[in-house]
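**Q** give me coordinates for this.
(3 chains)
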Amino acid sequence: MPELPEVEVVRQGLAEWVTNKKIETVTVLHPRAIRNFPGTKKSFSNQLSGEKILTVNRRGKYMWMELSSGRALVTHLGMSGQVLIQKPNHEPENHLRIRFTFSNYKNEMHFVDQRTFGGMHIDDLVDFSADELVPSSVQHIARDPFDPKFEPDQVVEKLRLKKTEIKRALLDQTLVSGIGNIYADESLWRSKLHWATPTSGISKAKALELIGHATDVMREALAEGGTSFDSLYVDVNGQSGYFERGLSAYGREDEPCHRCGRLIVRDSFMNRSSFRCPRCQRLG
DNA sequence: GTTACGACCTGCGAGC
DNA sequence: TGCTCGCAGGTCGTAA
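**A** Predicted coordinates for the structure are as follows:
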């Protein structure tokens, strides 16, 4: 599932291949892929045709391409989204949703999404802080740990004011962005915290340790090209990452804890799974 | 204002 | 073999 490291891998690939490329045609093959765009498929295509891609940026799991008109093409991969660079005669993917061609580049850009939780839309760029523009639809997203201006102290301060469970807070993209189910479980395992620990009961030092572990585990994953459980997560060239073998909790139900040997358990949490060591990560 | 929860969506695998 | 059902989970809207 694309979380911060996986989206960053895609962003880096896109920055390499589509910067300074001029969009010629845009074909929308599934309406849900542009559900956050207020216009029609045709107007989406018309608004993008002729635009030059200047930069490829990211905040948390949101990615956007800054366009020559001053607007942005915003992309969220959702659960199964991929942005692929393909040769012009490439067989269309089963779940190809949007196809882009360029006037000064022979290859195509394909937005592929099996579960259609992801999508693209066009947005205005607005001031976020000094010399920093973000799409208006991304304004509410907090800085992620890869952001040079990310301040762990501020996150910890806000986190400790919340009245909720620690994992729920980690997944709150308005508090700290980029963390999804996989890296939340890994950070909690490294910090020896149960997912249901109340945020109000966590010391400042422990909360800082947790944010530090979240940052570390996502940096390690980025260095390995991200985490892949299946063919749903790949980079722009269709290659999978290798961090799955670096995981200590997520997806390891009934396997021994790397620290104490007890078998990892799976709990149901927020209608999804949460993996933890029953000895290292006890509640209270 | 804050928190909790259901809905959205599709392919895959387990179970019958 | 073929069918049904549960599961995967990021985000948003709505209810409390």
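**Q** hang on, A:Glu244 in a helix?
**A** Yes. The assignment for A:Glu244 (DSSP: H, G, I helix; E, B strand; the rest coil) places it in a helix.
**Q** and the residue of the stretch 1-150 of chain A closest to DNA strand B?
**A** Of all residues in the stretch 1-150 of chain A, A:Arg115 sits closest to DNA strand B, at 4.0 Å by Cβ to the nearest atom of the strand. (C-beta placed from N, C-alpha, C; glycine too.)
**Q** that residue: how many residues sit nearby?
**A** 12 (other Cβ atoms under 10 Å).
**Q** and if you look at the one 10 residues further on?
**A** Neighbour count of A:Leu125, defined by other Cβ under 10 Å: 19.
**Q** quickly list what the nearest residue to it once chain neighbours are set aside is bridged to.
**A** Distances taken as Cβ to Cβ, 6 or more residues apart in numbering place A:Leu133 nearest to A:Leu125, at 4.1 Å, with adjacent residues excluded. Taking DSSP bridges as the rule, A:Leu133 bridges to A:Asp127.
**Q** isn't A:Leu133 up against A:Gln139?
**A** No. Between A:Leu133 and A:Gln139 there is no contact under Cβ atoms under 8 Å: 10.4 Å.
**Q** the two: who's more crowded?
**A** Between A:Leu133 and A:Gln139, counted using other Cβ under 10 Å, the more crowded position is A:Leu133 (15 against 12).
**Q** quick check: the more buried one vs A:Leu193, distance?
**A** 36 Å (Cβ to Cβ, to the nearest Å).
**Q** returning to that earlier point: so how far is A:His30 from the residue of the stretch 1-150 of chain A closest to DNA strand B?
**A** For A:Arg115, the distance to A:His30 equals 11 Å [Cβ to Cβ].
**Q** quick one: name the residues of the stretch 51-200 of chain A near DNA strand C.
**A** A:60-62, A:76, A:78-79, A:115, A:117, A:137, A:171, A:173, A:180-182 (Cβ under 7 Å from any atom of the strand).
**Q** among those, which are in helices?
**A** The helices, defined by DSSP state H, take in A:181-182 from these.
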